[in-house]
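Trainee: Give me a model of this one.
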Amino acid sequence: MKKWLAQALSTTMDAKARGSDTAVDSQVRESCRQQASFGPGAHLGRRSLLRAISMGPAALALPIAPQAWAAAPRTLSFYHTHTGERRVVEYYASGRYQPDALDELNRLLRDFRTGEAIEMDAKLFDLLYGVSLAVGRGTFEIVSGYRSPKTNAMLRQRSGGVAKKSLHMQGRAIDVRLSGRDTRRMRDAAIALRAGGVGYYARSNFVHLDTGRVRRW
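Mentor: Alright, predicted model coming up:
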């Protein structure tokens, strides 16, 4: 893991401990802006930020106790482009995923056409969290979350770009953009994390992220 990223995450921990979200956003963005060189071939020392998040300070050699790292909360902000719903959800706190928060996110990411919901992969939220650390905090604008088989089949009839066995149907994929951020930087940050699939749709201005095998398009 690049030293700058370890320092940025350490700064995040310190600032959060002081209760300063502004300091978190400002200092993480500054570290990324000064040190990161995201690009199609970029790798963060060939370790993913998500792996570091899950493994804690041992992976990053951070000067904080494992207990403190495990207790660090993770919060995401969402706006659903189809339903108009907004949510700010602390989905991870006190060293564990929060069941009520995950249920709330499952409902938010339901198939808005049919109303059906599924248990979303919590690692997908960690992927979003990692991207937000890399490019700067903001509100994730949801284009597509869970898709029922019926909806996926309908979309496949409309477009050849919809996979027959889409990970959207398994609750392992999301299509998003991040308010105020360049979707190309989102794409490059996600590719560098090497935590799953990354698709970039320039014309529609969104990025597909999933927790499947590492690939890009």
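
Trainee: Just the CA coordinates for stretch 137-149, please, in CSV.
Mentor: Provided in CSV are the C-alpha atoms of stretch 137-149 (Å, rounded to 0.1, in the frame of the first residue of the first chain):
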residue,chain,number,x,y,z
ARG,A,137,-16.7,12.6,-0.3
GLY,A,138,-20.1,13.4,-1.8
THR,A,139,-23.5,12.0,-2.5
PHE,A,140,-23.7,8.8,-4.6
GLU,A,141,-26.5,9.2,-7.2
ILE,A,142,-28.0,5.8,-7.7
VAL,A,143,-28.8,4.9,-11.3
SER,A,144,-29.4,1.2,-10.7
GLY,A,145,-29.2,-1.1,-7.7
TYR,A,146,-30.9,-4.5,-7.4
ARG,A,147,-32.7,-5.8,-10.5
SER,A,148,-35.2,-8.5,-10.4
PRO,A,149,-34.9,-11.2,-13.1
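
Trainee: For that stretch, buried residues please.
Mentor: Residues 137, 138, 139, 140, 141, 142, 143, 144, 145, 146, 147, 148 are the ones in stretch 137-149 that count as buried (16 or more other Cβ atoms under 10 Å). C-betas here are computed from N, CA, C, even on glycine.

Trainee: do stretch 88-97 as well
Mentor: Across stretch 88-97, burial judged by 16+ other Cβ under 10 Å covers 89, 91, 92.

Trainee: from these, which ones fall inside strands?
Mentor: Residues of these located in strands (DSSP state E): 89, 91, 92.

Trainee: My guess is the second one contacts residue 106. True?
Mentor: No - with contact defined as Cβ atoms under 8 Å, residue 91 does not count as touching residue 106 (10.7 Å).

Trainee: Residue 97 and residue 121 touch, don't they?
Mentor: No - Residue 97 lies out of contact with residue 121 (Cβ under 8 Å); the separation is 11.0 Å.

Trainee: ok, back up a step: got a markdown table for the buried residues of stretch 88-97, with pLDDT too?
Mentor: Below are those laid out as a markdown table (pLDDT from 0 to 100):
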| residue | pLDDT |
| --- | --- |
| 89 | 98 |
| 91 | 97 |
| 92 | 95 |
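
Trainee: so which of the residues you listed comes closest to residue 203?
Mentor: Taking Cβ to Cβ as the measure, residue 203 lies nearest residue 89 of the buried residues of stretch 88-97, at 29.6 Å.

Trainee: So what pairs up with that closest one in the strands?
Mentor: Beta-bridge partners recorded for residue 89 (DSSP bridges): residue 76.

Trainee: Residue 216 now?
Mentor: Bridge pairing for residue 216 - DSSP bridges - gives residue 198.

Trainee: how many neighbours does it have?
Mentor: 14 (other Cβ atoms under 10 Å).

Trainee: How about the contacts made by it?
Mentor: By Cβ atoms under 8 Å, 6 or more residues apart in numbering, the contact set of residue 216 is 40, 191, 197, 198, 199, 200.

Trainee: doesn't residue 215 make contact with the third one?
Mentor: Read it as residue 197. Yes - counting by Cβ under 8 Å, residue 197 does reach residue 215; the two are 5.0 Å apart.

Trainee: Leaving out the residues flanking it, which one is nearest to residue 75?
Mentor: Spatial nearest neighbour of residue 75, chain neighbours left out: residue 90 (4.5 Å); criterion: Cβ to Cβ, 6 or more residues apart in numbering.

Trainee: Good, wrapping up.
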